[in-house]
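Chemist: kindly generate the corresponding structure for this input.
(one chain, ligands or ions: 1)
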Amino acid sequence: MSASDRVQALRAAIERHNIEYYARDAPLIGDAEYDHLFAELQALEAEHPELLSVDSPTQRVGAAPLPEFAALAHATPMLSLNNAFAEDEVAAFDRRVRDGLAVGSAAEVGVEVNYSAEPKFDGLAVSLSYQDGHLLRGATRGDGSSGEDVSANLRTLRSIPLRLQGSDWPAVLEVRGEVLMLRSDFAQMNERQRDKGEKEFVNPRNAAAGSLRQLDPRITATRPLRFFAYGVGIAEGAALPATHSELLDRLAAWGFPVARERRRVAGLAGLLAYYAEIGRQRSALPYDIDGVVYKVDELAAQARLGFVSRAPRFALAHKFAAEEAVTELLDITIQVGRTGALTPVARLKPVFVGGVTVINATLHNEDEIRRKDVHIGDTVVVRRAGDVIPEVVRVLPEKRPVDARRFAMPKNCPVCGSIVVRSEDDKGEKGEKGDKGVAAAVARCSGGLYCPAQRKQALLHFASRRAMDIEGLGDKLVEQLVDNAIVRTPADLYQLGVVALAGLERLAEKSAGNLLAAIEKSKQTTLARFIYALGMRNVGEATARELARHFGSLQRLLTADDAQLQEVADVGPTVAQCVRQFCSEPHNRMVIEQLRAAGVSWSESEGAMPSAGAVAGKVFVLTGTLPSLSRDAAGELIMAAGGKVTASVSKKTHFVVAGAEAGSKLEKAQQLGVSVIDEGELLALLQASPLAVPEST
Ligand code: IVH
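Modeler: Alright, predicted model coming up:
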């Protein structure tokens with residue numbers, strides 16, 4: 001046998017063993033034998049480099065790191081599912097399906113619909129493209145129309161076939177499914193992390209997401225990620241079976257893992273029985289699920305039902321209720337946020353709920369504590385769903401001990417001692433709204449930037465990615481800088497030197513250098529980012545952009561009165577008051593001056609809405625990968641020139657800027673007759689616009 005033939009035979013054998021192991025749970029050989037085949041293939045490839053190929057199983061160790069992920073447009077959008085929690089919502093879905101399918105055929109009324117029912121995996125959606133049975137590339141879901149090209153990472157997953165089995169696959173095939181971590185693999189991985197003294201992952205979902213989005217595929221290769229297929233995006237060149245359940249069987253035959261728990265069921269009764277059954281099995285399943293998914297089984301019927309906005313009419317996610325657990329509330333402590341809002345936090349006896357061990361839960365605000373009648377020492381029900389912050393749902397009053405204590409908001413800030421004031425006027429920070437979404441009274445530390453807690457949060461916000469974007473300035477570092485009185489205000493950051501950083505714990509010389517470089521780099525910014533970074537209450541990114549655009553210069557913003565402020569789009573009396581209060585505070589003025597003196601700059605009039613030029617007032621949509629600019633960068637240039645960037649194409653869109661692999665947005669533009677331009681044409685438009693390209697000052 002020639003070396004080439006042997007290499008081919010080994011690759012085919014190893015891939016087949018991968019599939020037997022990962023997709024069929026039925027390994028034919030032991031680990032030692034597998035390792036032996038693998039070693040032989042590696043040796044042959046080393047001897048004959050001309051035989052190397054990307055779809056050799058030896059390449060699953062991971063390719064070279066990437067500077068960033070490229071954007072990849074999906075050939076057809078990756079949609080989301082409508083959710084249901086209650087049985088009557090499922091009944092309504094089944095009725096809509098029957099009505100939808102019965103249109104024009106009285107005979108079908110009352111007939112039960114067949115569904116394919118599957119677990120709803122709690123991982124990350126990905127799409128895999130195959131050409132002639134070879135894995136070409138793979139992407140995350142992203143915003144549904146385009147995601148990130150994580151091909152190199154996905155290739156490291158042994159549960160993803162690099163070549164399909166059999167021969168009845170479509171020449172062009174896009175398989176969709178979920179990347180996740182099995183509970184057992186997750187537990188083992190965390191054990192290893194613990195042994196190495198490294199940070200443990202919170203839950204399998206976060207671990208899977210973090211692992212898949214590594215720029216270095218060699219890291220991904222070390223993480224136990226699994227893929228499960230649940231559908232097909234596009235298929236050209238061969239007919240698909242008539243039903244979804246047969247399609248899943250076909251995917252399994254081609255080598256993809258699919259849920260063992262998949263089932264074909266009839267009518268509403270079948271759906272509900274399946275839900276109950278999987279609910280009972282849930283805790284014993286090898287992976288986390290957050291519900292089940294029902295899909296009309298017949299593919300032709302799916303096509304007839306079609307889609308409403310972002311979700312198919314033929315499918316439904318029937319979710320499990322958020323997990324609840326009972327534990328003891330040991331204490332209530334106070335957290336001070338960036339704008340001084342005091343949030344009461346329940347300190348709990350550790351309890352495992354919703355996939356994580358919970359030791360803290362939010363109590364939102366004082367009114368919530370009163371409403372739920374929470375006492376320190378109470379036995380409480382806590383709830384956690386997905387990535388949501390755990391919360392105390394209710395107390396079990398019958399279990400209240402005699403020495404349970406009522407909680408009172410402190411009159412002074414627990415961090416700095418300043419007076420606490422209650423205000424009813426605004427939303428405060430995240431998580432302070434009452435259950436019904438009504439603004440609740442917020443207790444606030446009046447210490448402003450005198451308060452170290454507020455100072456830390458303000459610094460973190462200032463440095464955050466969408467503000468001044470100072471990479472490497474995280475909580476631990478800010479904590480030390482503030483506690484050691486090295487940094488008091490954002491302006492102090494620009495006075496930092498190697499000496500000041502030298503004494504800090506766990507900051508290697510190299511990271512100190514990197515941090516200083518990042519701080520230096522942040523000096524060149526935009527007016528909008530700068531305004532946002534200042535962290536005025538109620539001024540988010542969008543408002544900051546509007547303020548920059550309207551006033552065009554910081555000086556004009558600082559001196560604007562209420563009426564002038566309210567001329568800005570989206571700025572009402574509350575926001576205007578917050579901005580004015582901030583700008584008239586002498587301490588804030590001083591920090592701003594110091595920042596400017598330290599060299600923080602932007603092109604002074606960049607924000608002014610240029611009224612002339614080809615870009616001002618025009619609406620742009622960016623899609624696909626542009627040759628040189630990232631989409632964020634292109635967006636900033638457009639906005640700096642007075643244009644607007646939106647996410648979806650409509651009749652109001654003036655230009656669609658399309659790069660490589662542009663997908664549905666490009667199609668939509670063509671349908672609507674919107675001008676489609678490329679990066680070169682965009683740059684030409686920007687050049688023709690005044691003040692378009694930020695000057696370096
Ligand atoms: S089908 C057009 N099946 O749920 C419908 N999705 O809310 C496409 N998911 O992003 C989705 N398990 O990541 C489908 N068995 C399953 C699923 C599933 C998990 C996720 C998927 C999607 C989200 C939609």
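Chemist: need the helices for the stretch 301-450 of the chain, in chain order.
Modeler: Using DSSP state H, counting those that start in this stretch, the helices of the stretch 301-450 of the chain run over 366-372.
Chemist: where does it come near the ligand, residue by residue?
Modeler: By the rule Cβ under 6 Å from any ligand atom, the part of the stretch 301-450 of the chain lying against the ligand is 312, 315, 317. Placement of C-beta: from N, CA and C, glycine included.
Chemist: can you tell me which of these are in strands?
Modeler: 312, 315, 317 (DSSP state E).
Chemist: okay, and the beta partners of the last one?
Modeler: It stands for Ala317. Beta-bridge pairing for Ala317 (DSSP bridges): Asn83, Val293.
Chemist: dump the residue contacts of it.
Modeler: Going by Cβ atoms under 8 Å, 6 or more residues apart in numbering, Ala317 touches 81-84, 120, 291-293.
Chemist: now, which of these lie close to the ligand?
Modeler: Near the ligand, by the rule Cβ under 6 Å from any ligand atom, you find 81, 120, 293 out of the contacts of Ala317.
Chemist: now those residues as JSON lines including pLDDT, distance to Ala64 and neighbour count?
Modeler: Shown next, in JSON lines, are the ones next to the ligand among the contacts of Ala317 (pLDDT from 0 to 100; distance: Cβ to Cβ, whole Å; neighbours: other Cβ atoms under 10 Å):
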{"residue": "Leu81", "pLDDT": "93", "distance to Ala64": "37", "neighbour count": "18"}
{"residue": "Lys120", "pLDDT": "97", "distance to Ala64": "35", "neighbour count": "22"}
{"residue": "Val293", "pLDDT": "98", "distance to Ala64": "37", "neighbour count": "22"}
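Chemist: coming back round to it: quick check: of the ones in strands among the residues of the stretch 301-450 of the chain next to the ligand, which lies closest to Glu236?
Modeler: Pro312 (20.5 Å; Cβ to Cβ).
Chemist: so that closest one sits against Leu305, correct?
Modeler: Yes: here Pro312 lies in contact with Leu305, judged by Cβ atoms under 8 Å, at a distance of 7.3 Å.
Chemist: so where do the strands sit in the stretch 401-550 of the chain?
Modeler: 420-423, 442-445 (DSSP state E, counting those that start in this stretch).
Chemist: go through those strands and name the closest to Ala404.
Modeler: Within the strands of the stretch 401-550 of the chain, the stretch nearest Ala404 is strand 442-445; the backing value is 22.2 Å (Cβ to Cβ).
Chemist: which strands or helices does the closest one pack on?
Modeler: strand 342-353, strand 420-423 (3 or more Cβ pairs under 8 Å, 6 or more residues apart in numbering; DSSP states H and E).
Chemist: assign the residue of the stretch 201-350 of the chain found nearest the ligand to helix, strand or coil.
Modeler: Using Cβ to the nearest ligand atom, the single residue of the stretch 201-350 of the chain nearest to the ligand is Tyr230, 3.7 Å away. Secondary structure, DSSP: H, G, I helix; E, B strand; the rest coil: Tyr230 is strand.
Chemist: leaving out sequence neighbours, find the closest residue to it.
Modeler: Gly177 (5.1 Å; Cβ to Cβ, 6 or more residues apart in numbering).
Chemist: partners of the helix or strand that contains the one you found in the sheet?
Modeler: Following DSSP states H and E, one finds Gly177 within strand 172-181. With DSSP bridges as the test, strand 172-181 is paired with strand 124-131 (antiparallel), strand 225-236 (antiparallel).
Chemist: would JSON lines of the ones you listed with mean pLDDT and distance to Ala13 be doable?
Modeler: Formatted as JSON lines, the strands paired with strand 172-181 follow (pLDDT from 0 to 100; distance: least, Cβ to Cβ, whole Å):
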{"stretch": "strand 124-131", "mean pLDDT": "97", "distance to Ala13": "20"}
{"stretch": "strand 225-236", "mean pLDDT": "96", "distance to Ala13": "21"}
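Chemist: mind putting those in a markdown table, mean neighbour count included?
Modeler: Below are those laid out as a markdown table (neighbours: other Cβ atoms under 10 Å):
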| stretch | mean neighbour count |
| --- | --- |
| strand 124-131 | 21 |
| strand 225-236 | 20 |
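Chemist: rewinding a little: what about the strand holding Gly177, near the ligand?
Modeler: Yes: residues of strand 172-181 are located near the ligand by Cβ under 6 Å from any ligand atom, namely Glu178.
Chemist: how far does stretch 486-504 sit from its chain's centre?
Modeler: 32 Å (Cα atoms, centre = their mean, to the nearest Å).
Chemist: now the end-to-end length of that stretch.
Modeler: Distance across stretch 486-504, first residue to last, is 10 Å (Cα to Cα, to the nearest Å).
Chemist: list the buried residues for it?
Modeler: 486-487, 489-494, 496, 500-501, 504 (16 or more other Cβ atoms under 10 Å).
Chemist: so what touches that stretch?
Modeler: With contact meaning Cβ under 8 Å, 6+ apart, stretch 486-504 is reached by 449, 455, 458-459, 462-463, 468, 470, 473, 477-478, 480-482, 484, 507, 509, 512-513, 515-516, 519, 523, 533, 591, 594-595, 598-600.
Chemist: that older thread, so which of the strands paired with strand 172-181 is nearest Glu567?
Modeler: strand 124-131 (43.4 Å).
Chemist: now the element after the closest one, going C-ward?
Modeler: strand 134-140.
Chemist: the helix or strand that comes right after that following strand near the ligand anywhere?
Modeler: Going down the chain from strand 134-140, the next helix or strand is strand 146-148, by DSSP H and E. No: judged by Cβ under 6 Å from any ligand atom, strand 146-148 stays clear of the ligand, getting no closer than 10.8 Å.
Chemist: which residues are in contact with strand 146-148?
Modeler: Contacts for strand 146-148 (Cβ under 8 Å, 6+ apart): 69-74, 78, 126-127, 139-142, 213, 623-624, 661, 663.
Chemist: from the chain's centre, how far out does that strand sit?
Modeler: Centroid displacement of strand 146-148 relative to its chain, using Cα atoms, centre = their mean, is 12 Å.
Chemist: circling back: just the mean pLDDT for the strand holding Gly177, thanks.
Modeler: Averaged over strand 172-181, pLDDT sits at 97.
Chemist: same question for stretch 61-74.
Modeler: Averaging pLDDT along stretch 61-74 yields 87.
Chemist: start to end distance for it?
Modeler: 26 Å.
Chemist: got the buried residues for that stretch?
Modeler: For stretch 61-74, by 16+ other Cβ under 10 Å, it's 62-63, 66, 69-74.
Chemist: repeat that for stretch 192-203.
Modeler: Neighbour counts using 16+ other Cβ under 10 Å place 201, 203 of stretch 192-203 among the buried residues.
Chemist: quick check: end-to-end length of that stretch?
Modeler: One end of stretch 192-203 sits 15 Å from the other (Cα to Cα).
Chemist: who touches that stretch?
Modeler: Outside stretch 192-203, the residues that touch it by Cβ under 8 Å, 6+ apart are 186, 189-190, 207, 210, 288, 355-356.
Chemist: and the residue of the protein closest to the ligand?
Modeler: Counting by Cβ to the nearest ligand atom, the chain gets nearest the ligand through Ala125, at 3.1 Å.
Chemist: how close does that residue get to Ser151?
Modeler: Note on Ala125: its distance to Ser151, by Cβ to Cβ, to the nearest Å, is 15 Å.
Chemist: which stretches of the protein have low pLDDT?
Modeler: Within the chain, the ranges that satisfy pLDDT under 70 run 103-110, 385-388, 424-440, 604-613, 689-697.
Chemist: list, one by one, the residues from the chain near the ligand.
Modeler: Residues of the chain lying close to the ligand by Cβ under 6 Å from any ligand atom are 79-81, 118, 120-121, 125, 141, 178, 230-231, 293, 312, 315, 317.
Chemist: Val657: which of those is nearest?
Modeler: Comparing the residues of the chain next to the ligand against Val657 with Cβ to Cβ places Arg141 closest, at 22.3 Å.
Chemist: that closest one contacts Leu124, doesn't it?
Modeler: Yes: using Cβ under 8 Å, Arg141 makes contact with Leu124 at a distance of 7.1 Å.
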